[in-house]
Every structure is written in structure tokens, then in C-alpha cells.
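Engineer: below are the sequence and a predicted model for it; my questions follow.
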Amino acid sequence: MAQQARRERAGRERAGRERAVRMSVEQPLWQALTAYRVLTLLYALSLYVYAFEDYHHPLGAGAYMAVLTVWTALTFRMVSSAERCTRRFLVGDLGIAVVGILLTPLVDTHDRIADGTPTLPSIWTAGAVLGFAIKGGWRWAASASTVVCAANIVERGGFAQDAVHMLMLVWVASVAIGYVVEVARVSERTLARALRIEAATRERERLARDIHDSVLQVLAMVQRRGAAIGGEAAELGRMAGEQEIALRTLVSSGLVAPPRGAADADARTDPDTPAVPPGPLVPADPEETGGGPCDLRALLAPHAGSRVTLSEPGAPVILPAGAAGELAAAVGAALDNVRIHAGDGAHTWILVEDEPDAVMVTVRDDGPGIPEGRLADAEAEGRLGVALSIRGRLRDLGGSAEWISAPGQGTEVELTVPKAPMALLNSSKDKGETAR
């Protein structure tokens with residue numbers, strides 16, 4: 001049931017991201033164009049009514065205005081989105097505007113036209129041109145603007161100064177809007193691609209952490225035990241070692257490098273020393289740990305033992321279950337490294353500090369320490385214990401992991417998780433992405 005609930009939750013979040021991506025940045029432009037066509041139609045009708053008696057053929061002008069009104073009403077929804085606005089509609093819309101421009105000298109007087117009286121469709125014509133700009137970009141806008149300019153020149157009977165001025169404004173504005181729309185579409189596709197890559201990378205990191213905590217360490221154990229037993233077991237160990245190398249390469253090849261910072265390196269792993277299977281990991285999913293606030297002390301208590309000293313506050317250290325589980329799992333990975341590389345005789349101290357704005361867990365051992373540069377070398381070799389099981393977990397929670405070590409002086413790992421963004425993880429571990 002818990003697994004099914006997680007799948008349903010992930011499906012809902014993916015659907016939400018897809019809806020956000022499908023929300024085109026140009027949609028507000030279509031909405032503005034719809035309103036523009038209605039308002040300019042009312043303006044053109046007002047001009048016609050105001051100058052009704054001045055027209056040479058007022059009834060002819062009225063017939064065109066009726067056609068323009070019906071066309072605008074019937075095609076109201078055609079300019080509400082890119083899907084509805086087809087090429088055929090755009091050509092028809094431009095045709096209505098051009099017919100109105102060329103019809104103006106037939107129904108209006110020569111004196112009024114010479115004085116610069118607007119054409120029958122007036123500024124409604126710009127809406128037809130803007131439709132081309134939003135639908136097809138600046139090239140379509142330039143073509144439609146050129147047709148309108150030519151029709152206006154024919155209507156005026158030459159290149160009148162005021163007409164040329166207005167036509168150039170329409171031409172430049174439509175081309176500029178078309179260019180902006182093209183840039184917006186490219187930016188939208190780039191953003192959608194970046195979101196998909198980020199989602200895929202996060203999922204790959206999550207799977208890689210699980211693989212490192214289980215499969216890789218089991219393969220390393222089989223390789224070591226097989227070599228120790230010999231015979232057929234040695235061959236089995238050799239095959240397990242080959243599969244471990246192949247799997248490490250597959251896991252590390254698709255990961256995004258973590259941010260650079262202090263102690264930005266990988267686990268204290270030695271390439272010649274295979275790992276041992278980890279102890280049981282604390283569940284990191286909110287549903288598996290109760291779903292609500294969780295006391296971190298309860299998750300760290302099983303680590304205490306004769307060789308591990310746990311020091312914690314007297315009051316509960318409350319974190320959302322997902323964050324507490326991830327932090328406890330990172331502590332478990334740090335203890336695994338101590339067992340592997342400091343030896344069974346090493347002593348480890350775990351200190352839990354509940355600060356006002358963060359929870360800090362320090363894991364310190366008295367082992368041989370880490371040679372300088374060893375962590376970076378381990379990561380380059382594909383050994384991702386720190387990059388995935390420790391640093392990767394805390395990075396997803398908005399936290400950090402710092403290493404302080406010197407040869408012969410032990411190692412100290414400081415794990416920090418901020419409290420402020422953790423409330424976002426109450427409903428889902430995946431929502432911890434926003435803690436960045």
C-alpha cells in the first residue's frame with residue numbers, strides 16, 4: 001500500500017510539472033489579441049456611426065461593417081490559442097482587413113481620404129497582423145504587414161507621409177512582437193528540457209544511492225570472500241568484482257557533479273579494499289517512519305554500542321520524517337566507512353546538536369585518518385560513497401557534509417541539515433527538492 005501511494009503521489013507531481021511546462025508563455029498574448037479585436041471593432045463601429053452622413057455610400061460602408069462585426073463574433077474563439085488559430089483562419093482574417101482597406105475609396109469621399117480619414121476597418125487591421133506574428137513569428141508578421149502596407153498605399157493612391165508613418169509603426173511593431181514570441185518559445189523549450197534533465201538526474205542519484213548502499217557493497221563482499229576461499233569461489237568472486245566495476249561505471253557516468261566546496265570529495269574508500277555490506281538502513285520515506293515529525297534520536301539510537309558512543313540532547317530532536325531518515329542514513333554510511341577503513345578496533349563518537357536553524361550531527365573516529373586528496377581520487381575512480389550516500393542525501397535536503405581529517409589523527413564528519421525548508425518534506429520526500 002505504501003509503495004502504491006508513493007507511485008500515485010509521484011504521478012500527481014509529474015502531472016503538475018507537465019501542466020506547468022505546457023503553460024505556454026505566449027498564451028497571455030492570445031488572450032490580449034482576443035480582447036484587442038473586440039475593442040478595435042467597437043472603435044471602428046464608433047467611427048462609422050460618427051461619420052455616417054459624411055460617407056459617399058454610407059450603406060455600402062455599413063454593409064462592410066456588418067460583415068466585419070459578424071466575422072469577429074464568429075471567430076472570437078479562433079484567436080484564443082495557437083491550436084485554434086490556423087493558417088486558413090489567418091489568411092481569411094487578413095483578407096477581411098485588406099478588403100475593407102481597398103473598399104474605403106469606393107464608399108468614402110476623396111476629400112476625406114486625402115485628409116487622412118481612417119479606413120473602414122481602421123486599427124482592427126493590426127489585429128490580423130498580430131495574429132500572424134504570434135502564430136508564426138517575425139517572418140509571418142513581416143509578410144502580413146507588407147500586404148497591409150501595399151493595400152493602404154493603393155487606398156491612398158500614393159505614399160502619403162502620414163500613411164507611411166503609421167504603416168511603418170505597424171510593420172515594426174508586428175515584426176518585433178513576432179521576434180519576441182520566437183525567443184519566448186526557445187526559452188520555454190530550454191526550460192522544459194532543463195526541468196526534464198533535473199528530474200532525471202535526481203532520480204538517477206536516488207537510485208545510485210540505493211545501489212551503493214546495497215548491490216555494490218554485496219558484490220565487493222563476494223569478491224573478497226571468494227578470493228579468500230579460493231577454488232570455484234575465487235572465480236565467482238572475480239566475476240562479482242567485474243560486475244561491481246561495471247555497475248560503478250554505469251552509476252557514476254550519468255551523475256551531475258556536486259557543487260564545489262570545502263572537503264568536496266568522496267568516501268574514505270581505498271580502491272584496493274573492497275567494502276563490506278552495510279548495516280540495516282533507517283527507512284527514509286515519510287510513510288515508513290510515520291509521515292509526520294520524527295525524533296532523530298530514535299533513528300540514531302540503534303548505532304550506539306561498545307565502540308560507538310552516542311551523545312544527544314535531553315529533549316527530542318524533531319525533523320520531518322523524510323529529512324530525519326535521510327540524515328540517519330547518511331550517519332549510517334559514515335559509520336560504515338569507519339568500520340571498513342578504521343578497523344573494528346576504532347572507536348566512534350556521534351554528537352547530535354539541535355541548533356535553532358539547523359540540526360548538526362558529528363561523526364568522529366580515532367582511526368588512521370584520510371590522506372590529503374584521497375577523497376577526490378576515490379570519486380574520480382567511481383567510488384561514490386560520499387557523493388551519493390552522504391553528500392548527495394544532504395544536498396537534496398539543502399544541507400552539507402564537511403570532512404576534517406589528517407593522517408594519524410582520525411576523521412571528523414560534520415553533517416548539517418537546515419530546519420527552515422524541512423517543513424516542505426512533511427508530505428513527501430520528493431518535495432525536498434525545494435530545499436535547495
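Structural biologist: Arrived safely.
Engineer: what about residue 42, how many residues nearby?
Structural biologist: Counted with other Cβ atoms under 10 Å, the neighbours of residue 42 add up to 12. Glycine gets a C-beta too; all of them are placed from N, C-alpha and C.
Engineer: what of the one 10 residues further on?
Structural biologist: In terms of burial, residue 52 registers 12 neighbours under the definition other Cβ under 10 Å.
Engineer: quick check: it touching residue 59?
Structural biologist: No: with contact defined as Cβ atoms under 8 Å, residue 52 does not reach residue 59; the gap is 9.8 Å.
Engineer: buried residues, the helix or strand residue 106 falls within. List them.
Structural biologist: Residue 106 belongs to helix 87-107 when elements are defined using DSSP states H and E. Neighbour counts using 16 or more other Cβ atoms under 10 Å place 90, 93-94, 96-101, 103-105, 107 of helix 87-107 among the buried residues.
Engineer: in a markdown table: the residues you listed, plus distance to residue 364 and pLDDT.
Structural biologist: Shown next, in a markdown table, are the buried residues of helix 87-107 (distance: Cβ to Cβ, whole Å; pLDDT from 0 to 100):
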| residue | distance to residue 364 | pLDDT |
| --- | --- | --- |
| 90 | 71 | 92 |
| 93 | 75 | 93 |
| 94 | 76 | 92 |
| 96 | 80 | 93 |
| 97 | 79 | 92 |
| 98 | 82 | 92 |
| 99 | 85 | 93 |
| 100 | 84 | 92 |
| 101 | 84 | 91 |
| 103 | 89 | 91 |
| 104 | 88 | 90 |
| 105 | 93 | 90 |
| 107 | 93 | 90 |
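Engineer: got any ranges where this protein has weak pLDDT?
Structural biologist: 1-25, 160-166, 207-214, 216, 244-291, 371-389, 420-436 (pLDDT under 70).
Engineer: where along it do the helices fall?
Structural biologist: Counting by DSSP state H, the chain has helices at residues 2-22, 27-50, 58-74, 87-107, 110-114, 124-136, 138-156, 161-211, 217-229, 232-253, 296-300, 321-341, 374-380, 391-396.
Engineer: what's the closest of the ones you listed to residue 352?
Structural biologist: When the helices of the chain are compared by Cβ to Cβ, helix 296-300 sits nearest residue 352, at 6.6 Å.
Engineer: how far away is residue 407 from residue 370?
Structural biologist: According to Cβ to Cβ, to the nearest Å, residue 407 and residue 370 sit 7 Å apart.
Engineer: cool, and residue 30?
Structural biologist: Residue 30 sits 60 Å away from residue 370, going by Cβ to Cβ.
Engineer: for residue 407 and residue 370, indicate the residue with more neighbours.
Structural biologist: Set side by side, residue 407 and residue 370 show more neighbours around residue 370, with 23 against 11, by other Cβ under 10 Å.
Engineer: now do the contacts for that one.
Structural biologist: By Cβ atoms under 8 Å, 6 or more residues apart in numbering, the contact list for residue 370 reads 268, 403, 405, 406, 407, 411.
Engineer: could you dump these into CSV and include distance to residue 418?
Structural biologist: Listed next are these as CSV, based on distance: Cβ to Cβ, whole Å:
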residue, distance to residue 418
268, 25
403, 19
405, 24
406, 28
407, 32
411, 24
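Engineer: by neighbours, which of these wins?
Structural biologist: Going by other Cβ under 10 Å, residue 268 tops the contacts of residue 370 with 27 neighbours.
Engineer: can you name the residues that contact the residue nearest to residue 113 when sequence neighbours are not counted?
Structural biologist: Counting by Cβ to Cβ, 6 or more residues apart in numbering, residue 113 lies nearest to residue 105, which is 6.1 Å off, once chain neighbours are set aside. For residue 105, the contact set (Cβ under 8 Å, 6+ apart) comprises 113, 155, 157.
Engineer: for the residue nearest to residue 362 when sequence neighbours are not counted, give me its contacts.
Structural biologist: With Cβ to Cβ, 6+ apart as the criterion, residue 362 has its nearest non-adjacent residue at 4.4 Å, and that residue is residue 351. Contacts of residue 351 were listed using Cβ under 8 Å, 6+ apart, and they are 311, 312, 361, 362, 364.
Engineer: hmm, try it at 10 Å
Structural biologist: 309, 310, 311, 312, 360, 361, 362, 363, 364, 412, 414 (Cβ atoms under 10 Å, 6 or more residues apart in numbering).
Engineer: let me know the closest of the contacts of residue 370 to residue 182.
Structural biologist: Of the contacts of residue 370, the one sitting nearest to residue 182 (Cβ to Cβ) turns out to be residue 403, at 48.8 Å.
Engineer: if I look at the closest one, how far off is residue 109?
Structural biologist: Counting by Cβ to Cβ, the separation of residue 403 from residue 109 is 89 Å.
Engineer: likewise residue 415?
Structural biologist: Residue 415 is 86 Å from residue 109, where distance means Cβ to Cβ.
Engineer: buried residues, stretch 298-313. List them.
Structural biologist: Across stretch 298-313, burial judged by 16+ other Cβ under 10 Å covers 299, 300, 303, 308, 310, 312.
Engineer: ditto for stretch 37-55
Structural biologist: For stretch 37-55, burial by neighbour count (16+ other Cβ under 10 Å) applies to 37, 40, 41, 44, 45, 47, 48, 55.
Engineer: got a list of what the nearest residue to residue 27 once chain neighbours are set aside touches?
Structural biologist: Spatial nearest neighbour of residue 27, chain neighbours left out: residue 81 (6.9 Å); criterion: Cβ to Cβ, 6+ apart. Contacts for residue 81 (Cβ under 10 Å, 6+ apart) come out as 24, 26, 27, 30, 31, 34.
Engineer: could I get these as CSV with distance to residue 419?
Structural biologist: Below are these laid out as CSV (distance: Cβ to Cβ, whole Å):
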residue, distance to residue 419
24, 38
26, 41
27, 39
30, 44
31, 42
34, 48
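Engineer: ok, so of those, who is nearest residue 139?
Structural biologist: Nearest member of the contacts of residue 81 to residue 139, counting by Cβ to Cβ, is residue 26, at 16.0 Å.
Engineer: doesn't residue 186 make contact with the closest one?
Structural biologist: No: Residue 26 lies out of contact with residue 186 (Cβ atoms under 10 Å); the separation is 11.7 Å.
Engineer: neighbour count: those two, which is higher?
Structural biologist: Higher neighbour count among residue 26 and residue 186: residue 26, with 17 against 10, using other Cβ under 10 Å.
Engineer: for residue 85, see how far away the more buried one is.
Structural biologist: Here residue 26 is placed at a distance of 11 Å from residue 85 (Cβ to Cβ).
Engineer: ok, the closest residue to residue 350 other than its chain neighbours to residue 344 distance?
Structural biologist: Of all residues not flanking residue 350 in the chain, residue 310 sits nearest, at 4.8 Å (Cβ to Cβ, 6+ apart). Per Cβ to Cβ, residue 310 is found 18 Å from residue 344.
Engineer: what does residue 141 give?
Structural biologist: Going from residue 141 to residue 344 by Cβ to Cβ gives 75 Å.
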